[in-house]
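[1] sequence and predicted structure, then a few things I'm wondering about:
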Number of protein chains: 2
Amino acid sequence: MPTTDGKADGTSTPSRILDAALASFATRGYEATSLDALAAGLEVRKQTILYWFPSKEVLLDAVIDRSAVELSAALEGSLATAGTGWVRVEAVVRSVFRLAARQPELLGLVREMGRLGPPAATRFVAALEPLVGRASGFLEAEMDSGHMRRHEPRLLLLAIYSTVIGMLTEVELLRALGEEPTARSLVRRRAEILDLLRSALVTVP
Amino acid sequence: MPTTDGKADGTSTPSRILDAALASFATRGYEATSLDALAAGLEVRKQTILYWFPSKEVLLDAVIDRSAVELSAALEGSLATAGTGWVRVEAVVRSVFRLAARQPELLGLVREMGRLGPPAATRFVAALEPLVGRASGFLEAEMDSGHMRRHEPRLLLLAIYSTVIGMLTEVELLRALGEEPTARSLVRRRAEILDLLRSALVTVP
DNA sequence: AGATCTGTCTACCATATGGTAAGTGACTAA
DNA sequence: TTAGTCACTTACCATATGGTAGACAGATCT
């Protein structure tokens, strides 16, 4: 596989391929995405895709790697926020929602990862492991210091993760519940989830 | 499509096909499931499947319908439990976990539904609409009577749903967090989620 | 016994898919 | 000038997929 991205300004061919692949993997799913369809959308021949990414699986790996980096960057930033326990949790949740507004495909991919067994999911989770470790450690410390109710840190993390991802990606269900996927609705969902999490986590002295 | 199920004792061919299809749709996903593979697993020719279900899409619809009925039955039962607000919430959550232990594929299908856009997802949600309505109404009544913290009922429902489904179906993530999908782990996750929900929902007078 | 119906099978088929092989034109280095 | 590389293309190919057409054995009905 070629290693340089040419212009590297985000509009290079491999970069555009990654964008399109991410979008399609996140919505249609990996198996349901065909290289032909991808190529057609990019107005490029399928062989161009196979030139940059020698197989569909390699393409998936590339999408995963790039997405994991972006995701990590966005979350590590807000996880480093100063302040007491709850403020930091809130900051992280807010940044995930910001991400969902700007790059919904990224969250969609996260969702999709659960379905793709190893090795794809393993790769993804492994790339995010440091983040998970830090988050878990943070929660534990906050519980030790009495700022938060005591829970199993990693299960708590999973619960928070599931809730946030669900609120952001369950489009069908949302629609059935009368919530159109608008920006206004996103704000309401964020308020709701923060409210829920605060009641569940913060200790009232 | 033929309408009778032959022996109707659960081992009739169409019934076995539905079982296998449900299992595969729930784990591999709909698109990634081929009729050939399905047939091979059943030790039957593909044409037998197409005899009972004239197309793959019809098969999916049949799986959805049957699953929706089973799901509704299981949940309606526990939703009808007597008792104060929290006891009923707990009863429903417990019954979902019981379902997850006995028929994990059913929960997997629920998960998969989110990915399949309309018309499949629509059909599924529509079939479960009465259940959602009842649950939503129940939550609202409990909040009105002051047994529960006030929240947007439908968003609360979505949050609970997401958390429970996530805790039950995020196998990859669980494994990465060091939680093997054993029966013991299931019990721990149930305890954790009930604890979280109680803190979030129940008003402390 | 003969006709009909049921459930399953064998024999195909058109299309789509991921992937290989071999070009082609533009630009670059010697 | 020319040899070579780069980015991308056209031309194929083997396989898998959902689906059609029709045969065949056994049961049921008349």
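    Arrived safely. Every value quoted in this text rests on a predicted model; they were computed, and no experiment measured them. Numbers count the residues shown, from 1 in each chain, chains lettered A, B, ... in the order given.
[2] every contact and neighbour count from this point should use C-alpha atoms.
    OK.
[3] what is the burial count for residue A:43?
    Residue A:43 has 9 neighbours, counted by other Cα atoms under 10 Å in any protein chain shown.
[4] and it, backbone torsions?
    phi 60, psi 50 (degrees, to the nearest 10).
[5] surely residue A:193 meets residue A:164?
    Yes - using Cα atoms under 8 Å, residue A:193 is in contact with residue A:164, at 7.4 Å.
[6] mind listing the shared neighbours of these two?
    Residues within reach of residue A:193 and of residue A:164 at once, by Cα atoms under 8 Å, 6 or more residues apart in numbering or on different chains, are residue B:159.
[7] my guess is residue A:23 contacts residue A:105. True?
    Yes - if you go by Cα under 8 Å, residue A:23 and residue A:105 touch, sitting 5.4 Å apart.
[8] more crowded one of the two?
    Taking other Cα under 10 Å, residue A:23 and residue A:105 do not tie; residue A:105 has more neighbours (23 against 20).
[9] and whichever strand or helix holds the more buried one, how far out from the chain's middle?
    Following DSSP states H and E, one finds residue A:105 within helix A:104-115. Taking the mean of its C-alpha atoms, helix A:104-115 sits 6 Å from the chain's own mean (Cα atoms, centre = their mean, to the nearest Å).
[10] from the contact counts, what lies against it?
    In terms of contacts (3 or more Cα pairs under 8 Å, 6 or more residues apart in numbering or on different chains; DSSP states H and E), helix A:104-115 is packed against helix A:13-27, helix A:85-102, helix A:120-144, helix A:153-169, helix B:171-176.
[11] do you know which of the ones you listed lies nearest residue B:46?
    Nearest to residue B:46 among the helices and strands packed on helix A:104-115 is helix A:13-27; the distance by Cα to Cα comes to 28.7 Å.
[12] so is that closest one next to DNA strand D?
    Yes - using Cα under 7 Å from any atom of the strand, helix A:13-27 reaches DNA strand D at A:13-14.
[13] quick check: buried residues in that helix?
    Residues of helix A:13-27 classed as buried by neighbour count (16 or more other Cα atoms under 10 Å in any protein chain shown): A:13-15, A:17-27.
[14] tell me the pLDDT at the residue minimising distance to the centre of chain A?
    Nearest residue to the geometric centre of chain A (Cα atoms, centre = their mean): residue A:107, 3.6 Å. For residue A:107, the pLDDT comes out at 91.
[15] please name the nearest non-neighbouring residue to it.
    residue A:100 (6.4 Å; Cα to Cα, 6 or more residues apart in numbering or on different chains).
[16] using PDB, write down the CA coordinates of stretch A:27-38.
    Coordinates of the C-alpha atoms in stretch A:27-38 are reproduced here as PDB (Å, rounded to 0.1, in the frame of the first residue of the first chain):
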ATOM      1  CA  THR A  27     -24.700   3.600   8.400                       C
ATOM      2  CA  ARG A  28     -25.100   0.700   6.000                       C
ATOM      3  CA  GLY A  29     -22.600  -1.500   7.900                       C
ATOM      4  CA  TYR A  30     -19.400  -3.100   6.700                       C
ATOM      5  CA  GLU A  31     -20.700  -6.200   5.000                       C
ATOM      6  CA  ALA A  32     -23.500  -4.200   3.300                       C
ATOM      7  CA  THR A  33     -21.000  -1.800   1.900                       C
ATOM      8  CA  SER A  34     -19.600  -2.700  -1.500                       C
ATOM      9  CA  LEU A  35     -16.500  -1.400  -3.000                       C
ATOM     10  CA  ASP A  36     -18.300  -0.700  -6.200                       C
ATOM     11  CA  ALA A  37     -20.900   1.500  -4.500                       C
ATOM     12  CA  LEU A  38     -18.200   3.300  -2.600                       C
END
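[17] which residues sit against that stretch?
    Stretch A:27-38 is contacted by residues A:17, A:20-21, A:24-25, A:45-46, A:49, A:56, A:60, A:105, A:108-109, A:112, B:31-32, B:115-116 when judged by Cα under 8 Å, 6+ apart.
[18] rerun that using 10 Å as the cut-off
    A:17, A:20-26, A:40-47, A:49-50, A:55-57, A:60, A:104-105, A:108-109, A:111-113, A:115-116, B:28-33, B:115-117 (Cα atoms under 10 Å, 6 or more residues apart in numbering or on different chains).
[19] is that stretch up against DNA strand C anywhere?
    Yes - applying Cα under 7 Å from any atom of the strand, one finds stretch A:27-38 in contact with DNA strand C at A:31, A:33-37.
[20] what's the mean pLDDT across that stretch?
    Throughout stretch A:27-38, pLDDT has a mean value of 94.
[21] about what we covered before: from the residues of stretch A:27-38 next to DNA strand C, keep the buried residues only.
    Going by neighbour count (16+ other Cα under 10 Å), those have A:33-35 buried.
[22] sitting in helices, which of these do you find?
    Within these, residues falling in helices by DSSP state H are residue A:35.
[23] residues in contact with the nearest residue to residue A:41 once chain neighbours are set aside?
    Distances taken as Cα to Cα, 6+ apart place residue A:20 nearest to residue A:41, at 7.9 Å, with adjacent residues excluded. When the contact criterion is Cα under 10 Å, 6+ apart, the partners of residue A:20 are A:14, A:26, A:38-39, A:41-42, A:63, A:105.
[24] residue of chain A with the smallest distance to chain B?
    residue A:200 (4.1 Å; Cα to the nearest Cα).
[25] quick one: contacts for that residue?
    Taking Cα under 10 Å, 6+ apart, one finds A:148-149, A:194, B:195-202 in contact with residue A:200.
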